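Chemist: Quick check, what structure comes out for this input:
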Amino acid sequence: MLALIKLSLVLGATAAGYLVSRRFVADRLRFVDAVQRRRAPWIAGALATLVALPIAWVLPLIGSGTALLFGVAVGTGVAHGTREIRRLEGGGEI
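Modeler: Next up is the predicted model:
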């Protein structure tokens, strides 16, 4: 039962990180040039991991792997959000 709770926390954090970051980039950062750079998803993912690591250290049910997966999900969400911006503006893939 505890393993199922841990798995649902991991999946929930990963899905929320991806969906929220993708929507935020596509809606709010549409006109920010810095988000269009290639290193933006890497920076966002690294910062999300650094923010999630202390939280994972304090909470007993999640670990550093969850924080790492959350960072990867945020970085992927940022990358897909910028791709969505380029697609909606009629720009091609880089």
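
Chemist: rest of the way, CA atoms for contacts and neighbours
Modeler: Noted.

Chemist: Which pLDDT value goes with the residue most central in space within the chain?
Modeler: With distances taken as Cα atoms, centre = their mean, residue 74 lies nearest the centre of the chain, 0.7 Å away. On the pLDDT scale, residue 74 is placed at 98.

Chemist: got the buried residues for the stretch of helix or strand residue 87 belongs to?
Modeler: Under the criterion of DSSP states H and E, residue 87 resides in helix 64-89. Judged by neighbour count using 16 or more other Cα atoms under 10 Å, the buried positions of helix 64-89 are 66-86.

Chemist: Kindly report the same for stretch 54-63.
Modeler: 56, 62, 63.

Chemist: do stretch 34-45 as well
Modeler: Quick answer for stretch 34-45 (16+ other Cα under 10 Å): 35, 36, 40, 41, 42, 43, 44, 45.

Chemist: Low-confidence stretches in this structure?
Modeler: The model of the chain has pLDDT under 70 over residues 91-94.

Chemist: Now do the helices in this structure.
Modeler: 2-28, 40-58, 64-89 (DSSP state H).

Chemist: So which elements touch the first one?
Modeler: What that stands for is helix 2-28. helix 64-89 (3 or more Cα pairs under 8 Å, 6 or more residues apart in numbering; DSSP states H and E).

Chemist: With the last one instead?
Modeler: Under the contact criterion of 3+ Cα pairs under 8 Å, 6+ apart, the helices and strands touching helix 64-89 comprise helix 2-28, helix 40-58.

Chemist: Out of those helices, the one nearest residue 90 is which?
Modeler: helix 2-28 (14.1 Å; Cα to Cα).

Chemist: mind listing what's buried in the closest one?
Modeler: Buried, per 16+ other Cα under 10 Å, within helix 2-28: 6, 10, 13-23, 25-26.

Chemist: Please look at residue 79 and residue 41 and confirm they touch.
Modeler: Yes: assessed by Cα atoms under 8 Å, residue 79 is found in contact with residue 41 at 5.5 Å.

Chemist: what about residue 80, distance to residue 38?
Modeler: Per Cα to Cα, to the nearest Å, residue 80 is found 12 Å from residue 38.

Chemist: Quick check: residue 50 vs residue 70, distance?
Modeler: 10 Å.
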